[in-house]
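Peer 1: Generate coordinates for the sequence data below:
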Amino acid sequence: MSGYILCQLKRAEIPYYIENISTNIYSIEELCYYFYHNIYLLDESILNEHLCDWIRKEFGLEKLYRRLYKVLEENMGTGEFILAVFKEINYLTHQEFKKLNEQIALLEQQPKVLREKKKGDYLVENKMYVNAVKIYENALLKEDKEGLGEQFSGEIYHNMGCAYLHLFQFEEAAECFLKAYGLLHTNQVLYHYLEASYMENPEEFQGVCNCMGVSVKVQEEIKEKLNKASKVAIEMENQDLGKRLEGFIKDYHRSTGF
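Peer 2: Okay, the predicted model is just below:
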């Protein structure tokens, strides 16, 4: 897309809050930017009557309001909804609009549970780990994986384990990685399980390794890697504590939504 897009309408007095990424939207341009870059996060929690009402109240776009309500009432799909908003301010070039149309068409053909997983992956990328875990759990609860097989479930467990690691919930992370390894049987997942287990309880690490049949060489590699990471963390103690604490608090609020 082009580098800068000037706002064509006034900014909203009351923002539209997007819970998934704990973000306030103040303009139609910001809304379009969010739509364009977060296709997999678009669902009924965002595209709903509340958004329609916000667009009419804050920007006076009565015609767009009626069009969006019709899309919802007739269940026309995500594509029709967001494309109507893009058209309102000509946010995309013809080429960009065509490309997005193709992406949306492919998205709507994908199994719902696959879209759920990708939504969780997007949230992890945006450091919204608590919301990502909720999405992954919901995907795993679906009895019908629509023929995606054990590997798909294994990937969900693995990615959920990564989200738990970022939340410093090492026990939950280790449990997810162990389930993932039981389905995927890859060295990468095994290493992640061992690392999470070591971070959870170093004293029990040897027993875990014995149970998994891990060689002494691999054990030493994992210990060395995590000890190096620990030294880096200790060195960070020499940085400005106030700035670091402020950053931690900001990241926490962003990742949990609280």
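
Peer 1: any idea of the mean pLDDT in whichever helix or strand residue 151 is part of?
Peer 2: Residue 151 is part of helix 149-166, with elements assigned from DSSP states H and E. Across helix 149-166, the average pLDDT comes to 93.

Peer 1: Run through who's touching that helix.
Peer 2: For helix 149-166, the external contacting residues (Cβ atoms under 8 Å, 6 or more residues apart in numbering) are 113-114, 117, 120-121, 124, 127, 129, 132-133, 136-137, 139-140, 145, 170, 172-177, 179-184, 189, 192-193, 196, 199, 255. No exception for glycine: its C-beta is placed from N, CA and C like everyone else's.

Peer 1: Dump that helix to CSV, restricted to CA.
Peer 2: As requested, the backbone C-alpha atoms of helix 149-166 are provided in CSV (Å, rounded to 0.1, in the frame of the first residue of the first chain):
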residue,chain,number,x,y,z
GLY,A,149,-5.4,-35.0,11.2
GLU,A,150,-3.2,-35.4,14.2
GLN,A,151,-0.4,-33.2,12.9
PHE,A,152,-2.8,-30.2,12.9
SER,A,153,-3.7,-30.8,16.6
GLY,A,154,0.1,-31.2,17.3
GLU,A,155,0.8,-27.9,15.8
ILE,A,156,-1.9,-26.2,17.9
TYR,A,157,-0.5,-27.8,21.1
HIS,A,158,3.0,-26.6,20.1
ASN,A,159,2.0,-23.1,19.4
MET,A,160,0.0,-22.9,22.6
GLY,A,161,3.0,-24.1,24.4
CYS,A,162,5.0,-21.2,23.0
ALA,A,163,2.3,-18.8,24.1
TYR,A,164,2.5,-20.2,27.7
LEU,A,165,6.3,-19.8,27.6
HIS,A,166,5.9,-16.1,26.9
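
Peer 1: Begin at 181, not 1, for the rest of this chat.
Peer 2: Fine by me, first position is 181 from now on; the one you just mentioned is helix 329-346.

Peer 1: Can you mark which positions in it are buried?
Peer 2: Within helix 329-346, the residues that count as buried by 16 or more other Cβ atoms under 10 Å are 332-346.

Peer 1: Mind checking which of the contacts of helix 329-346 are in helices?
Peer 2: Per DSSP state H, helices hold the following members of these: 293-294, 297, 300-301, 304, 309, 312-313, 316-317, 319-320, 350, 352-357, 359-364, 369, 372-373, 376, 379, 435.

Peer 1: if we can go back for a sec, tell me the angle of the helix holding residue 331 relative to helix 350-364?
Peer 2: Going by axes from the mean of the first three to the mean of the last three Cα atoms, to 10 degrees, helix 329-346 is angled at 160 degrees with respect to helix 350-364.

Peer 1: Just give me how far helix 329-346 sits from the chain centre.
Peer 2: 13 Å (Cα atoms, centre = their mean, to the nearest Å).

Peer 1: What subset of the contacts of helix 329-346 is buried?
Peer 2: Among these, those classed as buried by 16+ other Cβ under 10 Å are 293-294, 297, 300-301, 304, 309, 312-313, 316, 319-320, 325, 350, 352-357, 359-361, 363-364, 369, 372-373, 376, 379, 435.
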